[in-house]
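In: 3D model of this:
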Amino acid sequence: MVWGDIAYGYRTPLVVIDGNLNAQKYREDILGSYCVPLLHTHNVITTLQQDKATSHLVSVNLEYLRNHNVDIIDDWTSFEPD
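Out: Numbers count the residues shown, from 1 in each chain. Sure, this is the predicted structure:
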């Protein structure tokens, strides 16, 4: 499995995930090491698109994102940007 972030004007390296991606590994290896720092470094709108993967939806990871001022798009049918 790999993870990467692409946005206008920048991209992350592809991150290779060894083994299964559980909630803790997602929070520490992806959100904490790449995603949140990148969003804040580039002063981009801090909205993250996620799918319904279990590691994305656990309350500790949603709280982590809220604590780092990252909004989540989880329902594209009702999404309206700020």
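In: How far off centre is the top helix by length along the chain?
Out: Criterion DSSP state H: the longest helix present in the chain is helix 59-67. On the basis of Cα atoms, centre = their mean, to the nearest Å, helix 59-67 sits 10 Å off its chain's mean C-alpha point.
In: buried stuff in it?
Out: For helix 59-67, the neighbour count (16 or more other Cβ atoms under 10 Å) marks Asn61, Tyr64, Leu65 as buried. The C-beta positions use only the backbone N, C-alpha and C, and glycine is treated the same way.
In: what do you get for stretch 12-20?
Out: Quick answer for stretch 12-20 (16+ other Cβ under 10 Å): Thr12.
In: just how off-centre is it within its chain?
Out: Its chain's C-alpha centre and that of stretch 12-20 lie 13 Å apart, by Cα atoms, centre = their mean.
In: what do you get for stretch 30-45?
Out: With Cα atoms, centre = their mean, you get 8 Å for stretch 30-45.
In: Could you check that stretch and say which residues are buried?
Out: Ile30, Leu31, Tyr34, Cys35, Val36, Leu39.
In: just curious, which of those is nearest to Leu57?
Out: Leu31 (13.0 Å; Cβ to Cβ).
In: Against Leu62, how distant is that closest one?
Out: Relative to Leu62, Leu31 is positioned 11 Å away (Cβ to Cβ, to the nearest Å).
In: Mind giving me the packing neighbours of the longest helix of the chain?
Out: Under the contact definition 3 or more Cβ pairs under 8 Å, 6 or more residues apart in numbering; DSSP states H and E, helix 59-67 sits against strand 71-73.
In: What pairs with the strand it packs on, parallel or antiparallel?
Out: Its sheet considered, strand 71-73 pairs with strand 47-49 (parallel) by DSSP bridges.
In: Would you mind listing the buried residues in the helix or strand just after the partner strand?
Out: Toward the C-terminus, strand 47-49 is succeeded by helix 54-57 as the next helix or strand (DSSP states H and E). Across helix 54-57, burial judged by 16+ other Cβ under 10 Å covers Ser55, His56.
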